[in-house]
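Undergrad: This is the structure alone, sequence omitted:
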């Protein structure tokens with residue numbers, strides 16, 4: 001009979017709790033930015049073109065979707081292979097996936113608060129009472145007796161004002177936050193592999209051009225030394241040339257150091273220790289520059305950028321915590337019940353006349369806490385204001401990243417065009433100098449100076465080409481990396 005009453009009371013209270021409204025603000029996603037472009041940053045049209053590696057014109061295509069594997073647009077099997085290896089082997093991806101699993105488990109744990117807690121207990125005691133001073137506590141014939149008790153206890157807190165629902169809502173928002181954190185890690189990692197590969201290719205090109213330049217300067221130094229020996233060049237000329245050669249030689253160790261460190265960085269991105277350096281190497285001529293570049297509107301960008309979605313999830317959690325703080329200021333209800341059996345012998349448990357039960361309900365309301373709950377509610381509202389400001393900052397940063405990259409791509413194309421023209425002119429001058437040298441109308445010193453100018457133009461050209469590849473990869477990252485086109489299981 002007692003259990004039937006408890007079940008009815010629990011059912012009624014549960015229905016009342018489910019029908020009640022959750023206190024606190026209901027979260028609504030922030031409105032998308034109204035801007036239709038990125039200001040003066042070029043978001044349509046075609047960039048300048050130049051001859052040679054990475055010189056193709058790039059067209060900005062508004063609303064163009066982004067492949068989830070955008071790095072394949074560079075048409076490098078080696079690059080694609082290393083990106084895939086990094087996504088499988090980098091420990092940051094494993095850590096982000098573990099954090100997402102943890103968030104899911106905490107969400108499921110929080111969901112259990114909607115159900116009653118039932119605990120089983122068994123007690124066995126042996127006691128002796130004072131015969132001359134106390135009345136026998138049992139019907140046992142001896143002052144020494146055993147007492148066995150088996151009991152089930154039920155406790156339930158109905159969610160009358162929605163505090164538990166708001167807590168669960170916050171836990172769900174945390175799941176979203178960690179999911180977008182995993183996505184951000186994925187996008188950043190793949191972009192870093194591409195950026196490091198481009199940097200390696202650039203350094204290799206600069207080293208090759210610098211080595212050739214140093215070789216030419218060494219030949220020039222030997223020429224000046226011979227001229228000094230026959231009296232057609234002064235000691236000042238020789239010292240000046242030796243200084244120029246030494247300055248060029250001094251630029252090689254930093255380039256080689258950067259290349260070694262770049263290889264180390266690439267190895268680390270793959271999730272390997274330094275001895276596990278990959279066999280793949282990169283040169284700019286092995287990469288293809290994508291000719292069509294997507295440009296998403298700001299209203300679409302906030303859907304694509306994982307950092308903006310993280311900020312949104314953070315704001316959602318803060319909104320739910322305001323409801324939790326408000327619910328904590330209202331009365332708290334608890335229903336409890338116990339049923340069991342107690343006997344002097346373990347074999348008599350659950351026998352006739354050994355059963356007991358009790359059922360209770362309580363209401364608790366804080367009457368005085370010196371304003372602690374009020375201040376906690378205000379603090380939750382302050383946290384919501386902070387999260388809202390952080391979301392707006394994330395949106396601004398996302399749009400800035402895209403605008404900066406669009407400007408960089410336009411400038412890169414112009415710079416590469418100018419560098420290619422300078423390189424072509426330097427090469428033409430060098431070719432003419434070689435012809436003049438062959439027919440004896442130009443000195444060897446003038447020829448070597450001409451080739452030195454050409455090699456310096458080559459270094460500038462390599463840098464301009466690399467900037468274009470790097471900023472192209474940067475645009476795909478700034479636009480969110482196309483994660484929404486990957487299988488959903490990728491981020492679980």
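TA: It's in. Note that the structure is predicted; figures quoted are calculated from it, not measured. Numbers count the residues shown, from 1 in each chain.
Undergrad: Show me the strands in the stretch 351-492 of the chain, by range?
TA: Ranges of strands in the stretch 351-492 of the chain, per DSSP state E, counting those that start in this stretch, are 355-364.
Undergrad: sorry, that was for the stretch 101-250 of the chain
TA: For the stretch 101-250 of the chain, applying DSSP E, counting those that start in this stretch gives strands covering 117-128, 144-156.
Undergrad: packing partners for the shortest one?
TA: Pointing back at strand 117-128 there. Applying 3 or more CB pairs under 8 Å, 6 or more residues apart in numbering; DSSP states H and E, we find strand 117-128 packed against strand 144-156. Every C-beta, even on glycine, is put in place using the N, C-alpha and C of the backbone.
Undergrad: tell me the mean pLDDT over the strand it packs on?
TA: Computed over strand 144-156, the mean pLDDT rounds to 93.
Undergrad: Could you pull up the contacting residues of the closest residue to residue 312 other than its chain neighbours?
TA: The shortest distance from residue 312 to any non-neighbouring residue, by CB to CB, 6 or more residues apart in numbering, is to residue 391 (5.9 Å). Listed by CB atoms under 8 Å, 6 or more residues apart in numbering, the contact set of residue 391 reads 30, 308, 311, 312, 314, 315.
Undergrad: so the third one makes contact with residue 389?
TA: Right, residue 311. No - counting by CB atoms under 8 Å, residue 311 stays clear of residue 389, with 9.7 Å between them.
Undergrad: Between those two, which has more neighbouring residues?
TA: Ranked by neighbour count (other CB atoms under 10 Å), residue 311 and residue 389 place residue 311 first, with 26 against 12.
Undergrad: tell me the secondary structure for that one?
TA: The three-state assignment at residue 311 reads helix, by DSSP: H, G, I helix; E, B strand; the rest coil.
Undergrad: contacting residues for the nearest residue in space to residue 427 that is not next to it in sequence?
TA: In space, and not counting its chain neighbours, residue 427 is closest to residue 454: 5.5 Å by CB to CB, 6+ apart. Going by CB under 8 Å, 6+ apart, residue 454 touches 423, 426, 427, 429, 430.
Undergrad: Recalculate using a threshold of 7 Å.
TA: By CB atoms under 7 Å, 6 or more residues apart in numbering, residue 454 lies in contact with 426, 427, 430.
Undergrad: Please list the members of those that lie in helices.
TA: By the criterion of DSSP state H, membership of these in helices covers 426, 427, 430.
Undergrad: For those residues, please prepare TSV with the additional fields pLDDT.
TA: What follows is the ones in helices among the contacts of residue 454, written out as TSV (pLDDT from 0 to 100):
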residue	pLDDT
426	93
427	90
430	88
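Undergrad: Columns distance to residue 134 on top of these, output as a markdown table?
TA: Formatted as a markdown table, the ones in helices among the contacts of residue 454 follow (distance: CB to CB, whole Å):
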| residue | distance to residue 134 |
| --- | --- |
| 426 | 112 |
| 427 | 113 |
| 430 | 116 |
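Undergrad: What subset of those is buried?
TA: The neighbour-count test (16 or more other CB atoms under 10 Å) marks 426, 427, 430 as buried among the ones in helices among the contacts of residue 454.
Undergrad: Make a PyMOL selection of the buried ones in the contacts of residue 391.
TA: Those of the contacts of residue 391 that count as buried under 16+ other CB under 10 Å are selected in PyMOL with:
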select buried, resi 308+311+312+314+315
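Undergrad: Need the max-distance pair from the contacts of residue 391.
TA: Within the contacts of residue 391, two members stand farthest from each other by CB to CB: 30 and 314, at 11.9 Å.
Undergrad: in the chain, which segments are predicted with low confidence?
TA: Along the chain, the model assigns pLDDT under 70 to residues 1-20.
Undergrad: and if we set it to 50?
TA: Judged by pLDDT under 50, the chain has its weakly predicted residues at 1-6, 9-10, 12-13, 15-19.
Undergrad: Can you show me the helices along it?
TA: Assignment of helices within the chain using DSSP H yields the ranges 2-19, 77-89, 91-111, 163-230, 235-269, 298-304, 306-327, 372-438, 444-478.
Undergrad: hey, which of those helices is tucked in deepest?
TA: Highest mean neighbour count of the helices of the chain: helix 306-327, a mean of 23 (counted as mean count of other CB atoms under 10 Å).
Undergrad: For the closest residue in space to residue 301 that isn't next to it in sequence, give its distance to residue 490.
TA: Once flanking residues are discounted, residue 301 sits nearest to residue 398: 5.6 Å by CB to CB, 6+ apart. Counting by CB to CB, to the nearest Å, the gap from residue 398 to residue 490 is 22 Å.
Undergrad: Surely the residue nearest to residue 301 touches residue 305?
TA: Yes - using CB atoms under 7 Å, residue 398 makes contact with residue 305 at a distance of 4.5 Å.
Undergrad: Quick check: phi and psi at the residue of the chain positioned farthest from its centre.
TA: What lies farthest from the middle of the chain is residue 132; by CA atoms, centre = their mean that is 76.3 Å. Main-chain torsions, residue 132, degrees, to the nearest 10: phi -80, psi -10.
Undergrad: what number of residues lie near residue 489?
TA: Residues within reach of residue 489, counting by other CB under 10 Å, total 6.
Undergrad: Give the bridge partners for residue 362, please.
TA: residue 334 (DSSP bridges).
Undergrad: ok, it - how many residues close by?
TA: Residue 362 sits with 10 neighbouring residues when counted by other CB under 10 Å.
Undergrad: what sits against residue 267?
TA: 274, 276, 277, 278.
Undergrad: If you drop the residues flanking it in sequence, what lies closest to it?
TA: Distances taken as CB to CB, 6+ apart put residue 277 closest to residue 267, at 4.8 Å, once the chain neighbours are dropped.
Undergrad: same question, residue 117
TA: Take residue 117 and drop its neighbours on the chain: the residue closest to it by CB to CB, 6+ apart is residue 155, 4.8 Å away.
Undergrad: correct me, but the one you found touches residue 116?
TA: Yes - with contact defined as CB under 7 Å, residue 155 counts as touching residue 116 (6.5 Å).
Undergrad: Now do residue 155: how many residues are near it, please.
TA: Number of residues near residue 155 (other CB under 10 Å) recorded here: 13.
Undergrad: Actually, residue 483.
TA: Neighbour tally, residue 483, other CB under 10 Å: 20.
Undergrad: gap between it and residue 371?
TA: To residue 371, residue 483 is 46 Å away according to CB to CB.
Undergrad: what's the answer for residue 415, then?
TA: In this view, residue 415 and residue 371 are 62 Å apart by CB to CB.
Undergrad: Please name the bridge partners of residue 146.
TA: Beta-bridge partners of residue 146, counted by DSSP bridges, are residue 126.
Undergrad: Check the one 5 residues further on too.
TA: Note on residue 151: beta-bridge partners by DSSP bridges are residue 121, residue 340.
Undergrad: Surely it and residue 349 touch.
TA: No - between residue 151 and residue 349 there is no contact under CB under 7 Å: 10.6 Å.
Undergrad: related to what we said a few turns ago, with distance to residue 218 added, can I get the strands of the stretch 101-250 of the chain in JSON lines?
TA: What follows is the strands of the stretch 101-250 of the chain, written out as JSON lines (distance: least, CB to CB, whole Å):
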{"stretch": "strand 117-128", "distance to residue 218": "84"}
{"stretch": "strand 144-156", "distance to residue 218": "87"}
